[in-house]
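**Student:** Any chance you can model this:
(4 chains)
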There are 4 protein chains.
Amino acid sequence: MSFSEKVFRDPVHNYVHVNHEIIYQLINTKEFQRLRRIKQLGTSSFTFHGAEHSRFSHSLGVYEIARRITERFEQKYNSKQLTDGWQAEETMVTLIAALLHDIGHGAYSHTFEHLFFTDHEQFTQEIITSDETEVGRLLRQFDPLLPEKVAAVISHDYPNPQVVGLISSQIDADRMDYLLRDAYFTGATYGNFDLTRILRVIRPHKTGIVFKHSGMHAIEDYIVSRYQMYMQVYFHQASRSMEVILSHLLKRAKAIFTDNIQYFELTSPKLIPFFQNNFTLLDYLALDDSVLNCYFETWTTHSDIILSDLADRFINRKVFKSVTFKSEDNLKPLIANIEAVGFDTNYYTAVHSSFDLPYDFYRPKSINPRTEIEMIESDGTLAELSTLSPIVKALTGVKSGDTRFFFPKEMIIGQNSLFETEIQAFQAQIINGRLKEI
Amino acid sequence: MSFSEKVFRDPVHNYVHVNHEIIYQLINTKEFQRLRRIKQLGTSSFTFHGAEHSRFSHSLGVYEIARRITERFEQKYNSKQLTDGWQAEETMVTLIAALLHDIGHGAYSHTFEHLFFTDHEQFTQEIITSDETEVGRLLRQFDPLLPEKVAAVISHDYPNPQVVGLISSQIDADRMDYLLRDAYFTGATYGNFDLTRILRVIRPHKTGIVFKHSGMHAIEDYIVSRYQMYMQVYFHQASRSMEVILSHLLKRAKAIFTDNIQYFELTSPKLIPFFQNNFTLLDYLALDDSVLNCYFETWTTHSDIILSDLADRFINRKVFKSVTFKSEDNLKPLIANIEAVGFDTNYYTAVHSSFDLPYDFYRPKSINPRTEIEMIESDGTLAELSTLSPIVKALTGVKSGDTRFFFPKEMIIGQNSLFETEIQAFQAQIINGRLKEI
Amino acid sequence: MSFSEKVFRDPVHNYVHVNHEIIYQLINTKEFQRLRRIKQLGTSSFTFHGAEHSRFSHSLGVYEIARRITERFEQKYNSKQLTDGWQAEETMVTLIAALLHDIGHGAYSHTFEHLFFTDHEQFTQEIITSDETEVGRLLRQFDPLLPEKVAAVISHDYPNPQVVGLISSQIDADRMDYLLRDAYFTGATYGNFDLTRILRVIRPHKTGIVFKHSGMHAIEDYIVSRYQMYMQVYFHQASRSMEVILSHLLKRAKAIFTDNIQYFELTSPKLIPFFQNNFTLLDYLALDDSVLNCYFETWTTHSDIILSDLADRFINRKVFKSVTFKSEDNLKPLIANIEAVGFDTNYYTAVHSSFDLPYDFYRPKSINPRTEIEMIESDGTLAELSTLSPIVKALTGVKSGDTRFFFPKEMIIGQNSLFETEIQAFQAQIINGRLKEI
Amino acid sequence: MSFSEKVFRDPVHNYVHVNHEIIYQLINTKEFQRLRRIKQLGTSSFTFHGAEHSRFSHSLGVYEIARRITERFEQKYNSKQLTDGWQAEETMVTLIAALLHDIGHGAYSHTFEHLFFTDHEQFTQEIITSDETEVGRLLRQFDPLLPEKVAAVISHDYPNPQVVGLISSQIDADRMDYLLRDAYFTGATYGNFDLTRILRVIRPHKTGIVFKHSGMHAIEDYIVSRYQMYMQVYFHQASRSMEVILSHLLKRAKAIFTDNIQYFELTSPKLIPFFQNNFTLLDYLALDDSVLNCYFETWTTHSDIILSDLADRFINRKVFKSVTFKSEDNLKPLIANIEAVGFDTNYYTAVHSSFDLPYDFYRPKSINPRTEIEMIESDGTLAELSTLSPIVKALTGVKSGDTRFFFPKEMIIGQNSLFETEIQAFQAQIINGRLKEI
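**Tutor:** Predicted structure coming up:
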């Protein structure tokens, strides 16, 4: 029986079109449906209340962008070999890799990984190639070599650089979707760029993906949008403060776990394998935002005052405040004040850095060399983006972001408290949201 | 210390402006923050994947619309008494009622209420007037009479009909926000209407809220948008099928509870008071989407095959299919087929109706008489909306919607199954998504 | 040499794609470029200052919608004969007819036609089939039968009802573009509907064009949008008042022409053939908004006080005011007042009607029977739209609009004038923008 | 009688609100209404067909932005003297200057000024202060000192730097409106920035206008949008090519005027004063796009082949093509080819430069020192924008744009022509749209 097209209404791309049964079946697997229960932006929705969208919708969006690009490639640049054309048989592996690129993401991944040594990229590989997952079985049934092919795209080991470039490069389907989607749901208009124009100027090349010279300003605009979203949304201090609280909360749970095994077995069974650092893929897949939030809510009544207080701060959004500073040495008096007020500074302060490199050209000697963005002229000459755009040049190779010191809000709004002296001493050291330089 | 304006970035209204400390404090209560963990549209996000927005963002939106209206009323129609003007001292109770109108909503409220005899409107009243809640204490501390005033607005007992009309009428701040917001997040553009224009033509009147005659078409457009959202989004059969599954899942849990008390105490402690029909306000506040989803995920491995299967269908979005029909008698052969295949029809079929009355004029004898929408001419004459608009007239007093029979997808896509005969017999009775009439 | 795709940036459709050289050449003809100098909405930009868009941009938009539909038809419903499929060889004639359907429009067509007995539909036919036009020569050179084919589509005489339906029916490429475009440029959001969804549910049928049943609400929304645009934009009384002034201005020029031949030959040469009722196609093509406005500006200094005053009112937007009324008899006292003040009521008053029939089903006996909108079910059954939608039913066969009496603004804002008595008498007869009924 | 608020529907700002009778009266003057007949972007609509908007709509938009800013200033920063607050009595002069800042613009101003030594800024001053204009008389009647005050704002001589800064600085109401408006009408989304956010962070300061530090990224985004609009819209080569043609056309008319006085007196009377370099303000006000286009259409049949051909190219959009180049010396062989084909290179070639300085800080020694953009911290410290933003720093003081050589399209698409040899020689010198370097 032929497969009749399915569509998903999508506020960003209008419609997501599914034309192959395998894609539709992958969407219906439990591993993919699980992404509905994982927020795309983690703690950002505490700052931008609209940003409650899930990794499910983002994954559909990445797939849809890949679909539009490969459809165009097939129509305009069809080729039998890897030259400057597109081989139609690469379309399916590209679409599947696009759809599944984030399948290994877990609840509050970045914070979680840091504490429990999980690795969402490795889980993505495993979910795709495993025989224990619906995804893995479906892929293998469709084509025995498909799981490894898809996994190779995601690990950048796939031989065709065009496919890898579409899924993972400085301007790929993943980033294009998340910038547009996160802009739409946060309401931060800075993330908008001209996707339609980029889809018109992208083309396959024997070295990977390149862009027609005439589309230079659209690419430039994308780079600037990316920079703006990092500065204004992803690095927002309130969201980072919630990440700090979450991190300290999980750290505290882990720290007191051995003395409270029974409590956690009863209330938080799915976290045990991680506290014990002995977990399987299925343990990992059993976690999502709902499970963690449900546990945290329970913890708000635990007798350990740090655990319950941090859980309360997380669940009820009691953000930490923060300042920028020049040297960690200068933080000492602040930390002393915070201790004097009675906070355990291991759990109530943090230094947190957020930096992003908006763009870089290829630097073969760097640890993580990037595939640069190439513009192509009508005679086939290539030019690296930053050589053409003064704006991109200004952002190239320069990390943007900041390092902040986080502390409880009580330190600056605690009027009429027992600790008025300490609080005033604390406040006196801050000006314009920065630590006064000594 | 004076309160400096706080703003929330909102994708629908651009910014939500908070100018009073009491509003800001109410937003920061645990009862209000809890709304972040309750989806605005319940099971609709299974159909419209963008619709993952929470009651938190909707509540801020209703507040913001009320703020814009009352700001304009204060500027243009200020008055000392209740005449055709606005008394500025009503602004605060209006804003608070707008903000808190949904505070009593719980996880998947409509389904939950039906099974456990909870009542979100009554909980709203209680949360506002209770001394056990942060909300209640804050309000009472601000003004000892405030809790009862706000509760009266919500129960329509407040003496000033303008205030009641702004919060609850056929065109109120609540509906205006949810139509726009649900349209934005689902991507269903039908829900859009011209809020700016409506805000320009709304005005206070001694009988409540009226609209300038020149804005008739904007109001008409709002009524049509409302109708379209009900037809296309709220009544979507896939979302209703997930509601049916959820309802059956909870019903099954309740049914087997007595025989599995220990299991539920261990895995689902916060539901016990509801299974036992003996719950308090705080029991109710302890529930949210995260908690329920977390429990449902656990239930997928229970030994009761109906409980675990329905939990799996809900968590992994395995929708029921449905048909419309004319008489329940005609369903009997279908039900027989479903039973023959081995499904317990108490848990695997349902008749589910969704009807809405897009608009009605005031009918004093009806059970639930509506406050009609009145248009005002320059000389003060009032005219009821449906007397002016042929479109509204067509929708007036006419319920739209349908009644559908839901059943497992397996009944129509079960090729090569053991039950091919029954399935073919089943399918033969359906044409164009409707039950064939006999 | 192969033709490489050209695109036009379009704010409504994002991009207009031109894939055939003949289309590009037609756009570059002088007859088509002339449409840049003719406003799409005539006098509406006097009311909605954004609505300065031309028939050029609308024509490109109609072409683009037709291109998207036929592209989809070729992909999904390709067929060799006229059955329920689409014959690919009809695409070109469809695209050209879409592009050229308005090529015969002139400056302020509707007013102009009424006074000078021109007929823009007949001119469209002539331009397409003439050997005197660049358009006609291009078409004939491409295919000797093409001019007559395209003309037949426009006159509804083309044998294939699908092609005719796409260009001219109750839901065709022309209307879909103008509603969206006029909504965009006026800023009246009511005109929006879900074009993408309609393009998904439209399909060819042996009887013409039909729409999938599942898209019913999108079609319903389109009908309502159409109604709203007529009520709120196209029938706006200020625009109609400018049309009245324009009509009287041209009527006056025609009336005094014989006594002022030399003046008009000198200042307004291109209008002479029309004053003399002896014009050719090329005379007609020589007129556009620029030419008429340039002449009108010159006329503001003519010694005929009615001509110069009306020209001044038109150029400098001095609108007439208006009232609705029940019977023309009741206007007599108003007209008497206006005469008493000194206005020549032949040139300073008018009764002007604007009515639209938002939708109708097929009525074989009506003068101008309409091709009704048909919805198709999955088994091929057709159903006429108004049988499915209560909203459409309410609008079916019912003309909406009004008849207004127009008069100089001086009659209601002429305080402190010599004619205070007459003006007060005049004003006393008006209430709520309507003539008081006696 | 009190003035009741008037609104204009605007697609960019939704509504333009007029709350003062004097503003409404100014809009209704003939000088202001004349702006309806002058396109905002001159020849850009030949490239972006949506960009047919007028200076009328832009002027309303600038007024509306100024109105929103001053309304907020009055509410939040009211002050009796010029300190860091806003004096409410400056609001009116600000609004009027915003509304009238472009009143002296004429048809195709930039090209026209260059040839006929008119100066639109000086005309703006004159129109405002003259007793011959409706604008001037209205202003003086309202307040005898008002005309000179408004003129002083426009010439930057007004003593209050806040008022001057709102009307004319690197981020003023004028630029904010035109970027948003031109983006809207062209469809080039790059021009969008977050106006709402900027209106929230702008504030008066004793030195002029400053912006809260927290809004830095919104300002940065505005600067980048400005840069993008210049690069992609304002400097588009097709629009510039139409400007070149227009300029040559007017130059030719002027050149042959003396030998064809009677012809021009008959067909183009309103240009005579400019050909004779002896014109008054009223002569200038008599010109608009309609008048010039009407004349150009007439000229297409003149016997001077250069005049008629250039008129035809302009009216029927037959663009010149262009290349970039490094040195004018290198153009010589190209020019020789063009001459060999028979074109008069004085009228058929041009070197045309377009450069913009997206941003600069204050350089006291520069010819035209700019008022830099200052960001203000919570303690009142000011910081110049480029010291905070790496992107702005990259654009600071650097002119962007290019110099192009324009020539007839026939030189590159003239296959099968008599001059194939010359054309091939010409084409051989061009690669990737640039002149090959020798």
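
**Student:** Need phi/psi at A:V323.
**Tutor:** Summarising the backbone geometry of A:V323 under the convention degrees, to the nearest 10, its torsions are phi -140, psi 160.

**Student:** show me the contacts for it.
**Tutor:** The neighbourhood of A:V323, defined by Cβ atoms under 8 Å, 6 or more residues apart in numbering or on different chains, consists of A:404-405, A:430, A:433-435. Just so you know, the C-beta spots here come from the backbone N, C-alpha and C atoms, and that holds for glycine as well.

**Student:** May I have the beta-bridge partners of it?
**Tutor:** Listed beta-bridge partners, A:V323: A:F405 (assigned using DSSP bridges).

**Student:** before we move on, the earlier item: pick out whichever of the contacts of A:V323 sits closest to chain B.
**Tutor:** Distances from these to chain B were compared by Cβ to the nearest Cβ; the smallest belongs to A:G433, at 14.3 Å.

**Student:** if I look at A:A340, how far off is chain C?
**Tutor:** A:A340 sits at a distance of 58 Å from chain C (criterion: Cβ to the nearest Cβ, to the nearest Å).

**Student:** Enumerate every residue touching that residue.
**Tutor:** Applying Cβ under 8 Å, 6+ apart, one finds that A:A340 lies in contact with A:419, A:422.

**Student:** how about the longest helix along chain A against chain C, any contact?
**Tutor:** Of all the segments assigned as helix in chain A under DSSP state H, the longest by residue count is helix A:55-76. No: in this structure, helix A:55-76 remains apart from chain C according to Cβ under 8 Å from any Cβ of the partner chain; the gap is never smaller than 8.8 Å.

**Student:** what about whichever helix or strand comes after that helix, distance to the chain center?
**Tutor:** Tracing the chain C-terminally past helix A:55-76 and defining elements by DSSP states H and E, one meets helix A:91-100 next. The offset between the C-alpha centroid of helix A:91-100 and the centroid of the whole chain comes to 19 Å, using Cα atoms, centre = their mean, to the nearest Å.

**Student:** quick check: angle from helix A:91-100 to helix A:55-76?
**Tutor:** Orientation check (axes from the mean of the first three to the mean of the last three Cα atoms, to 10 degrees): helix A:91-100 against helix A:55-76 gives 160 degrees.

**Student:** who in the stretch 301-438 of chain A is up against chain C?
**Tutor:** Going by Cβ under 8 Å from any Cβ, none of the residues of the stretch 301-438 of chain A are near chain C.

**Student:** Near chain D, which residues of the stretch 301-438 of chain A? Just list them.
**Tutor:** Taking Cβ under 8 Å from any Cβ, the part of the stretch 301-438 of chain A that reaches chain D is made up of A:377-379, A:381, A:390-391, A:393-395, A:398, A:400, A:431-433.

**Student:** among these, which are in helices?
**Tutor:** A:390-391, A:393-395.

**Student:** coming back round to it: quick one: list the elements packing against the longest helix of chain A.
**Tutor:** Counting contacts by 3 or more Cβ pairs under 8 Å, 6 or more residues apart in numbering or on different chains; DSSP states H and E, helix A:55-76 is packed against strand A:6-10, strand A:14-18, helix A:30-33, helix A:91-100, helix A:161-167, helix A:173-186, helix A:195-201, strand A:202-205.

**Student:** Only the buried subset of the ones in helices among the residues of the stretch 301-438 of chain A next to chain D, as a ChimeraX command please.
**Tutor:** The command below creates a ChimeraX selection of those among these that count as buried (16 or more other Cβ atoms under 10 Å in any protein chain shown):
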select /A:391,393,394,395
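
**Student:** Make TSV out of the ones in helices among the residues of the stretch 301-438 of chain A next to chain D and add pLDDT.
**Tutor:** Putting these into TSV (pLDDT from 0 to 100) gives the following:
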residue	pLDDT
A:P390	83
A:I391	86
A:K393	88
A:A394	84
A:L395	87
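
**Student:** To what extent is the nearest residue to A:G136 once chain neighbours are set aside buried, counted in neighbours?
**Tutor:** Of all residues not flanking A:G136 in the chain, A:S130 sits nearest, at 4.2 Å (Cβ to Cβ, 6 or more residues apart in numbering or on different chains). The local packing of A:S130 (other Cβ atoms under 10 Å in any protein chain shown) involves 19 other residues.

**Student:** Quick check: the gap between A:S130 and A:T207.
**Tutor:** Shown here: A:S130 relative to A:T207, a distance of 33 Å by Cβ to Cβ, to the nearest Å.

**Student:** Same check on A:F8?
**Tutor:** Counting by Cβ to Cβ, the gap between A:F8 and A:T207 amounts to 34 Å.

**Student:** out of these two, which sits in the busier spot?
**Tutor:** Summary of the neighbour comparison: A:F8 and A:T207, criterion other Cβ under 10 Å, with A:F8 having more neighbours (20 against 14).

**Student:** unless I'm mixing things up, the more buried one is touching A:N14, no?
**Tutor:** No: under the contact definition of Cβ atoms under 8 Å, A:F8 does not touch A:N14, with a separation of 10.2 Å.
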